[in-house]
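Undergrad: Kindly generate the corresponding structure for this input.
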Amino acid sequence: MNSEFDPLEAKLHRVLRALPDRAAPRTLENRVMAALAERAALPWWRRSYAGWPAAVRLGFFLLSGLFAAGVIFGLAQLPAVASAQSVLGNWRLIYSSLVETAATMVGDIPRIYFYGALAALGASYLTLMGVGAAAYRTFFVRS
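TA: Now for the predicted structure:
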């Protein structure tokens with residue numbers, strides 16, 4: 001901080017602090033409450049993504065991921081496309097090999113690992129909720 005501006009800064013600070021607060025317009029509260037009521041009356045699909053029901057958000061997330069994977073997979077297949085029949089054959093071959101590989105891999109995993117993964121996932125979820133609640137109480141709740 002430059003020392004030659006310190007007196008000017010202090011004087012400006014005193015002058016601005018001495019100014020009275022501006023009063024809000026009398027109609028402000030009514031306009032704000034009307035806007036909030038109007039926003040609350042909107043159906044869920046007209047609200048922001050955060051206002052959607054959790055099941056709809058999850059479904060949208062999954063469908064978006066599937067769509068993106070399909071687009072990427074389809075673009076990867078474009079160079080190999082020679083005819084509609086070869087595309088259908090490629091899709092069948094890829095699907096059957098993926099299903100067979102997944103069935104083999106899942107069948108080889110002991111059940112205790114699935115239970116352990118499920119328990120770790122649950123513990124992670126509970127930890128996340130606890131940390132979130134603690135952060136909320138620390139930063140937003142004033143008592």
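Undergrad: roughly how far apart are the residue most central in space within the chain and residue 44?
TA: Among the residues of the chain, the one closest to the centroid is residue 50, at 7.9 Å (Cα atoms, centre = their mean). Taking Cβ to Cβ, to the nearest Å as the measure, residue 50 and residue 44 are separated by 11 Å. Yep, even glycine has a C-beta here, placed from its N, CA and C like the rest.
Undergrad: Same check on residue 91?
TA: 36 Å.
Undergrad: which of these two has more neighbours?
TA: Shown here are residue 91 and residue 44; by other Cβ atoms under 10 Å, residue 91 has more neighbours (13 against 9).
Undergrad: helix or strand right after the helix or strand containing the more buried one?
TA: Using DSSP states H and E, residue 91 sits within helix 84-108. Next helix or strand after helix 84-108 toward the C-terminus (DSSP H and E): helix 111-139.
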